[in-house]
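Q: What follows is a predicted protein model with its sequence.
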Amino acid sequence: MERCRTGLRTGAIIKRATDENVELAYTTVSTVDLRVQLAEGFSSSYLPQLRPQVITHLRVKPGIDTVAISFRTTRPTIPVVESRESNGAFLEGRLPLLGGLQTRHTCVFGLDKPLAPNTKLNFRIEAFGPTLDPASPNKAVVTGEFMTGARIAEVFFESLDVLAYSDPGDGEFMFVFGVGNAETGPLLDTTFWPDLGTTDIGEDDSAVPLNQRTSLLPSPVRLWLQVMGTESDYAMPWDSRSIGSGLPLQFKGVGRKYEESGIAQRSTVTVIVDIGEEPGRRMIPFDMDTEDSPTHFTVSGHIAVHAFEGELISTKMIKSAKRPRRLAYLDEPGSIAHLGGADGGAVQTVALGSDGAMHCLRSRNDYRLKADVGSIIEEFADLKIKFRFGEGVPNLEPRDDIKITDPDPIVRCVEGDPDEAVLVQRRWSWPGPNKRSVYNIRSEGREFTSNRMPDCH
């Protein structure tokens with residue numbers, strides 16, 4: 001009888017001794033590794049109870065007219081993320097089915113349709129999976145409010161220079177300046193120069209200051225600018241015998257247009273300016289030129305942009321029920337927990353293996369530290385807790401083996417201020433009266449009531 005390897009299927013045929021072509025019987029033997037089956041059974045039955053669904057590492061970053069939301073979940077899931085108006089009206093939703101079950105999640109709202117600027121909005125995250133909350137046993141929920149930013153643009157038409165026109169003598173001009181949304185087309189604002197009637201400008205005259213300004217709040221990212229100049233000998237440039245009013249200004253693409261009728265001529269020039277999506281203050285100059293038009297003029301100006309991002313107002317997490325003191329949570333392979341035995345039994349150290357099985361480890365008075373100061377500060381910042389460094393910022397170099405007599409980081413509460421903490425380094429254990437290290441007081445069910453150190457954690 002040969003020894004079969006585990007995880008294989010082996011076939012055996014019994015033949016007649018006198019005639020090997022005759023098969024008397026056929027059987028199939030399947031071998032399995034019971035250890036693997038036990039590990040898989042443990043992962044599917046016991047582990048889910050140790051890993052309730054929790055939303056962690058939540059970051060909400062409102063932009064000018066977008067918001068980016070990222071978070072993690074302790075259990076792989078396909079979350080539902082929604083953005084809503086303050087009155088509850090639905091705006092956008094995300095259900096990332098194509099990505100499958102994940103523990104790291106990111107979504108951005110406002111890319112297809114920009115969010116309303118300078119507006120308070122809500123978000124809601126639902127991560128499906130068993131929780132410890134009797135009010136929401138099948139999903140972890142986080143809600144919150146944020147304020148979007150805004151983009152303000154002021155368009156300054158600064159100077160005008162008339163270079164040519166067909167009418168002898170000084171020209172009787174009237175100009176219209178318009179600004180619109182280059183993405184959707186509509187006119188947003190107009191201004192006239194001069195305010196009433198016309199003005200006489202000659203070809204030899206120097207550039208004329210305009211001081212025309214339009215303000216846009218909010219402003220789109222791409223603007224179209226249009227200037228229409230009409231030279232007419234009629235009493236009013238918009239006389240019905242002239243070219244026509246041409247109002248309101250319309251966006252029909254970038255370029256130049258020339259029209260004439262009788263003793264009236266008109267040139268129009270249109271450009272597009274991208275003021276950018278980045279936050280901050282900036283100035284964008286522009287020049288507009290009708291070039292070879294019989295009514296030739298140029299206009300110079302600039303756009304002053306002030307764009308600022310929004311801010312997170314508040315978040316609210318549906319908190320889970322209080323965790324039992326003797327319940328350990330192992331989230332990733334390599335996680336270690338110390339489990340107290342029943343009825344004061346010995347403390348067991350267990351670890352979660354890559355196969356999903358629990359492994360019992362022999363007790364060792366050491367551990368490893370991979371987190372740096374920045375990571376610790378970031379984790380506590382999610383809890384709205386700031387650090388003080390009365391002894392300076394500690395140098396926490398990554399170490400694979402920290403002995404019980406080595407220094408390690410300690411986070412202490414600040415008395416009277418629950419929103420602040422102190423990060424210091426101290427020896428992991430302290431020497432007792434017999435000069436032996438004192439440790440595992442609480443986990444082993446021991447206690448001391450005298451000669452206590454006043455500032456131990």
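A: Structure's in. What do you need? Note that the structure is predicted; figures quoted are calculated from it, not measured.
Q: For the strand ranked longest in the chain, name the packing helices and strands.
A: What stands out as the longest strand in the chain, according to DSSP state E, is strand 150-164. Under the contact criterion of 3 or more C-beta pairs under 8 Å, 6 or more residues apart in numbering; DSSP states H and E, strand 150-164 touches strand 171-181, strand 187-193, strand 208-216, strand 222-232, strand 296-308. Where you see a C-beta, it was placed from the backbone N, CA and C, and this is true even at glycine.
Q: Dump that strand to PDB, keeping only the CA atoms.
A: Only the C-alpha atoms of strand 150-164 are listed here, as PDB (Å, rounded to 0.1, in the frame of the first residue of the first chain):
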ATOM      1  CA  ALA A 150     -16.200  78.400  -3.100                       C
ATOM      2  CA  ARG A 151     -14.500  80.000  -6.100                       C
ATOM      3  CA  ILE A 152     -14.800  83.700  -6.500                       C
ATOM      4  CA  ALA A 153     -13.800  85.500  -9.700                       C
ATOM      5  CA  GLU A 154     -13.600  89.200 -10.500                       C
ATOM      6  CA  VAL A 155     -13.200  90.100 -14.100                       C
ATOM      7  CA  PHE A 156     -11.600  93.500 -14.800                       C
ATOM      8  CA  PHE A 157     -11.800  95.000 -18.300                       C
ATOM      9  CA  GLU A 158      -9.000  97.500 -17.800                       C
ATOM     10  CA  SER A 159      -8.200  99.300 -21.100                       C
ATOM     11  CA  LEU A 160      -9.400  99.800 -24.600                       C
ATOM     12  CA  ASP A 161      -7.400 100.800 -27.700                       C
ATOM     13  CA  VAL A 162      -9.300 101.500 -31.000                       C
ATOM     14  CA  LEU A 163      -6.900 100.900 -33.900                       C
ATOM     15  CA  ALA A 164      -9.100 101.300 -37.000                       C
END
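Q: follow-up on the earlier one: out of the helices and strands packed on strand 150-164, which is closest to Pro409?
A: Across these, Pro409 has its closest neighbour in strand 296-308 (36.9 Å, C-beta to C-beta).
Q: Walk me through which strands that closest one pairs with, and which way each runs.
A: Under the criterion DSSP bridges, strand 296-308 sits next to strand 150-164 (antiparallel), strand 280-289 (antiparallel) in its sheet.
Q: which one is Leu216 nearest to, not counting chain neighbours?
A: Of all residues not flanking Leu216 in the chain, Ala153 sits nearest, at 4.6 Å (C-beta to C-beta, 6 or more residues apart in numbering).
Q: so how many other residues sit close to the one you found?
A: 23 (other C-beta atoms under 10 Å).
Q: Val254 versus that one, what's the distance?
A: 18 Å (C-beta to C-beta, to the nearest Å).
Q: need the helices for the chain, in chain order.
A: 34-45, 47-50, 373-381 (DSSP state H).
Q: Quick one: mean pLDDT over the first one.
A: When you say that, I think you mean helix 34-45. Averaged over helix 34-45, pLDDT sits at 46.
Q: Ile284 reaches Ile275, doesn't it?
A: Yes. Counting by C-beta atoms under 8 Å, Ile275 is a contact partner of Ile284 at 5.9 Å.
Q: Find residues that contact each of the two.
A: 303, 305 (C-beta atoms under 8 Å, 6 or more residues apart in numbering).
Q: neighbour count winner among these two?
A: Ranked by neighbour count (other C-beta under 10 Å), Ile284 and Ile275 place Ile275 first, with 20 against 16.
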